[in-house]
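K.L.:
Fold the following for me, if possible:
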Amino acid sequence: MSRYLLATAVIACGHGGDLPNAGSAPANDSATPVASAPPVDTAAEARDAWSVPEVLRRLREAGLNATDSGETVHRPELHTVGHLLHIGRGTLEVFIYSGRGARTRDAAGLDTKVHGLPTLDTPHYILSGNLIAILITPTDVTVERVTNALTARHTLGPP
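P.N.:
Down below sits the predicted model:
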């Protein structure tokens, strides 16, 4: 059994190909199988990697008329430059970070609570992976559709 644990540890550390006989059967000729490491799910790793083209693709797949204005936007509470997209009668400011951790640190300073009654200028914040998106739109349906398009892929398990 200790050889089984050693083989499993070697495979889990990624050194299975470096050691001779790491995946062979035990010396006593028993038929105890050696566990193999699960394949790396690169699609799952890529789920958190948003880009402006990926945001546009997801919004268009959701049936939204999204266009890139080519303009950049700045918000004093965020430490990265955003991209301005147009969606129907609204706008979507897209801020993309190097990773989820950087986005989480920057989002900590956002005041995402609605103060008073919502208005046409009330921002809707969407946090997903390495993305902060700020949507301003007059329609609740658009808010729901954009939110679903930008968060659904991050709540699904591996394919």
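K.L.:
Domains in the chain, by residue range?
P.N.:
1-38, 45-155 (automatic domain parsing).
K.L.:
Going by mean pLDDT, which of the ones you listed comes out lowest?
P.N.:
Here the lowest mean pLDDT among the domains of the chain goes to domain 1-38, at a mean of 43.
K.L.:
Wait, Arg58 touches Leu150, no?
P.N.:
Yes: between Arg58 and Leu150 there is a contact at 6.4 Å, judged by CB atoms under 8 Å. All C-beta spots, glycine's among them, are computed from the backbone N, C-alpha and C.
K.L.:
Which one's more surrounded, the two?
P.N.:
With neighbours defined as other CB atoms under 10 Å, Arg58 and Leu150 compare such that Leu150 has more, 24 against 20.
K.L.:
quick one, phi/psi of that one?
P.N.:
The phi/psi pair for Leu150 (degrees, to the nearest 10) reads phi -100, psi -10.
K.L.:
Show the contacting residues for it.
P.N.:
Listed by CB atoms under 8 Å, 6 or more residues apart in numbering, the contact set of Leu150 reads Val55, Arg58, Leu59, Ile126, Ser128, Leu131, Ala133.
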